[in-house]
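Engineer: Fold the following, please.
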Amino acid sequence: MKKALLLIYLSFVAISCAKPDVVFIVVDDLNDWIGVMGGHPQSKTPNLDALAAQGVLFTNAHCNAPQCGPSRTSFLNGLYPKSTGRYFNSTRRPAFLGDQPMQGITSKNAPKNPVILHQHFKQNGYRVVSGGKVAHGNTAKLKGQVDAYLNRPQDVRGKFTDDKANLWGEGGPHNHADEQTGDYKVSKWAIEEWRKAGEKPLLMTVGFYRPHRPFNAPKAYFEKFPLESIQLPQVQADDLDDLPPYGKALARSNAHKDLFKPRTVHEQILHLGGEKEWKYMVQSYLACINYVDVQIGRLLDELKVNPRKRDTVIVLTSDHGWNLGEKTHWCKAAIWRNTTRVPFIVVSPGVAKAGLRNNQPISHVDIYPSLCDFAGIPKPGHLEGRSILPLLKDPSATRDFAFLSYGPQNTAAQSERYRYLRYEDGSEELYDHKKDPHEWTNLIANEKYQAMRKKMRTRVIGFQGE
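Structural biologist: As a prediction, this is how the structure comes out:
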């Protein structure tokens with residue numbers, strides 16, 4: 001009898017001490033337009049909303065660089081862009097930029113030969129698989145460091161329901177079935193990998209491509225958002241008036257491309273069809289968000305049963321935000337709130353109460369150390385971020401600033417309430433998100449905010465010089 005009880009006890013200890021499976025999901029170009037974040041009142045994301053209800057939603061999470069390449073390089077290495085040397089997708093210098101470097105490490109403390117996230121988990125006993133768009137521009141290196149790999153499936157083409165095309169020449173609704181689309185195939189692959197039982201714990205990183213362009217999806221997703229009822233983003237006509245010249249130039253830029261010169265992307269949209277064309281773009285983005293939510297939901301349903309009998313940690317985020325006309329800006333490639341703010345959901349069994357929201361400032365550089373803590377493995381010494389585990393264990397815990405960059409000398413500091421921007425020419429912006437969530441009023445010259453301006457300026461200059 002005692003022997004049987006001992007075996008039961010040892011089995012219980014073995015299960016309780018077992019490392020969890022870790023699923024890291026990254027969505028491409030998804031801003032705060034998900035239901036639970038309220039970024040757009042018409043967004044339909046039941047699966048992401050349900051995931052947030054199971055865990056903790058971080059409402060003040062940001063990418064460290066607002067473009068795919070530098071953002072993913074940052075979080076996969078656990079380093080700021082100043083330590084990876086990658087700030088932009090393209091090193092072509094826009095006319096308004098000064099002489100700041102377009103690439104290359106600028107941090108004097110940058111570590112040498114950092115270990116990428118996947119390699120570190122593999123070295124610590126995990127089976128590591130990765131599918132879809134997780135890395136950007138260096139997929140061969142990632143492929144060589146994992147046990148199973150799926151390159152991002154190509155988008156389906158043609159079979160559009162009409163001849164309508166947006167300013168980028170992209171059709172919208174099409175007649176392909178979900179099963180033929182790229183993100184469905186990513187979800188299918190991830191489900192198959194999840195079902196493979198084994199003795200090792202699993203790290204699975206999954207990259208979903210929508211709502212990244214091209215803005216098309218099966219017609220059923222467009223039909224959920226009738227064009228005539230589409231609500232446009234909230235904007236203010238004179239929003240750029242209190243910006244410095246550098247900020248105005250950034251608002252009119254489009255990721256180092258002059259596609260519609262002399263018009264900006266926003267001006268080209270209005271030129272093609274006024275507010276109706278703008279609504280079509282918003283409809284397309286909402287449809288693509290709903291489409292990817294469905295594909296993610298298929299995977300999340302599968303994660304409810306763990307074939308390895310382990311706890312399952314889920315972390316979901318996006319690589320950066322997206323503007324759809326706010327500040328007359330489109331896409332990414334800026335350091336206002338809409339371009340850096342991302343969904344960030346953590347489900348970690350037994351650590352935090354489900355359904356909580358946390359507004360402390362965190363950023364993608366915190367992902368790597370957090371995943372290590374969730375997995376119970378040591379953190380490598382090169383990491384520059386901080387684990388968010390203390391924020392999960394103690395909802396009253398606080399953070400000071402998150403630092404975000406669009407070039408080594410264009411930096412934003414985000415606190416729980418304020419955002420400060422400093423450009424390479426020394427010009428500045430300051431916003432109070434409690435009173436002004438849309439960043440319509442630049443407070444940089446307001447006497448009441450000079451102490452905050454000085455504090456945040458000092459921290460930004462210090463961050464740039466480290």
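Engineer: from here on, contacts and neighbour counts on C-alpha atoms
Structural biologist: OK.
Engineer: Can you tell me the SS state at the closest residue in space to Lys257 that isn't next to it in sequence?
Structural biologist: Nearest residue to Lys257, sequence neighbours excluded (Cα to Cα, 6 or more residues apart in numbering): Pro94, at 7.8 Å. What DSSP: H, G, I helix; E, B strand; the rest coil gives for Pro94 is coil.
Engineer: count of neighbours near Pro94?
Structural biologist: Per other Cα atoms under 10 Å, the neighbour tally for Pro94 reads 15.
Engineer: my guess is it meets His256, correct?
Structural biologist: Yes - using Cα atoms under 8 Å, Pro94 makes contact with His256 at a distance of 5.3 Å.
Engineer: If we ignore the residues flanking it in sequence, what's nearest Ala53?
Structural biologist: Closest to Ala53 by Cα to Cα, 6+ apart is Gly355, at 4.3 Å.
Engineer: Could you pull out the helices in the stretch 351-466 of the chain for me?
Structural biologist: Assigned by DSSP state H, counting those that start in this stretch, the helices in the stretch 351-466 of the chain fall at 367-375, 389-393, 450-465.
Engineer: same deal with the chain?
Structural biologist: 2-17, 46-54, 68-77, 81-84, 117-123, 139-143, 182-194, 219-223, 245-251, 265-302, 337-340, 367-375, 389-393, 450-465 (DSSP state H).
Engineer: Out of those, which is closest to Phe208?
Structural biologist: Across the helices of the chain, Phe208 has its closest neighbour in helix 182-194 (5.8 Å, Cα to Cα).
Engineer: residue ranges with poor pLDDT in the stretch 151-300 of the chain?
Structural biologist: Within the stretch 151-300 of the chain, no stretch has pLDDT under 70.
Engineer: Spatially central, which residue of the chain would that be?
Structural biologist: Ser318 (2.2 Å; Cα atoms, centre = their mean).
Engineer: Report the contact partners of that residue.
Structural biologist: Counting by Cα atoms under 8 Å, 6 or more residues apart in numbering, Ser318 touches 26-31, 342-344.
Engineer: I'd say Arg152 and Gly131 touch.
Structural biologist: Yes - look at Arg152 against Gly131 with Cα under 8 Å: they come within range, at 6.9 Å.
Engineer: what do the two both touch?
Structural biologist: Val186.
Engineer: Compare those two and say which is more crowded by neighbours.
Structural biologist: More neighbours surround Gly131 than the other of Arg152 and Gly131, with 25 against 19 (other Cα under 10 Å).
Engineer: what about that one, distance to Tyr184?
Structural biologist: Gly131 sits at a distance of 12 Å from Tyr184 (criterion: Cα to Cα, to the nearest Å).
Engineer: Same question for Gly171.
Structural biologist: Per Cα to Cα, Gly171 is found 19 Å from Tyr184.
Engineer: again with Asn60
Structural biologist: Distance from Asn60 to Tyr184, by Cα to Cα: 29 Å.
Engineer: what does Pro395 give?
Structural biologist: Distance, Pro395 to Tyr184, by Cα to Cα: 36 Å.
Engineer: Compare those two (neighbour count), which wins?
Structural biologist: Neighbour totals were compared for Pro395 and Tyr184, and Tyr184 leads with 22 against 16 (other Cα under 10 Å).
Engineer: ok, Ser415 - contacts?
Structural biologist: 360-361, 399-402 are the contacts of Ser415 under Cα under 8 Å, 6+ apart.
Engineer: How about it, nearest residue that isn't a chain neighbour?
Structural biologist: Leaving out its chain neighbours, the residue that sits closest to Ser415 by Cα to Cα, 6+ apart is Phe401, at 4.7 Å.
Engineer: quick one: that neighbour and Tyr418 touch, right?
Structural biologist: No - between Phe401 and Tyr418 there is no contact under Cα under 8 Å: 9.4 Å.
Engineer: follow-up on the earlier one: go through the contacts of Ser415 and say which is closest to Leu117.
Structural biologist: For the contacts of Ser415, the nearest to Leu117 is Ala402 (20.7 Å; Cα to Cα).
Engineer: The nearest residue to Val265 once chain neighbours are set aside bridge partners, please.
Structural biologist: Nearest residue to Val265 in three dimensions, chain neighbours excluded: Trp330, at 6.5 Å (Cα to Cα, 6+ apart). Beta-bridge pairing for Trp330 (DSSP bridges): Leu324.
Engineer: For Arg252, see how far away Trp330 is.
Structural biologist: With distances taken as Cα to Cα, Trp330 is found 9 Å from Arg252.
Engineer: Which residues are in contact with each of the two?
Structural biologist: Common contacts of Trp330 and Arg252 (Cα under 8 Å, 6+ apart): Val265.
Engineer: Counting neighbours around each, name which of these two comes out higher.
Structural biologist: Trp330 (21 against 17).
Engineer: Contacts only, for the more buried one.
Structural biologist: So Trp330 contacts 254, 265-266, 322-324 (Cα under 8 Å, 6+ apart).
Engineer: one step back: and the helices of the chain as CSV, adding distance to Leu383?
Structural biologist: Putting the helices of the chain into CSV (distance: least, Cα to Cα, whole Å) gives the following:
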stretch, distance to Leu383
helix 2-17, 26
helix 46-54, 27
helix 68-77, 8
helix 81-84, 10
helix 117-123, 10
helix 139-143, 19
helix 182-194, 28
helix 219-223, 41
helix 245-251, 31
helix 265-302, 29
helix 337-340, 21
helix 367-375, 7
helix 389-393, 15
helix 450-465, 15
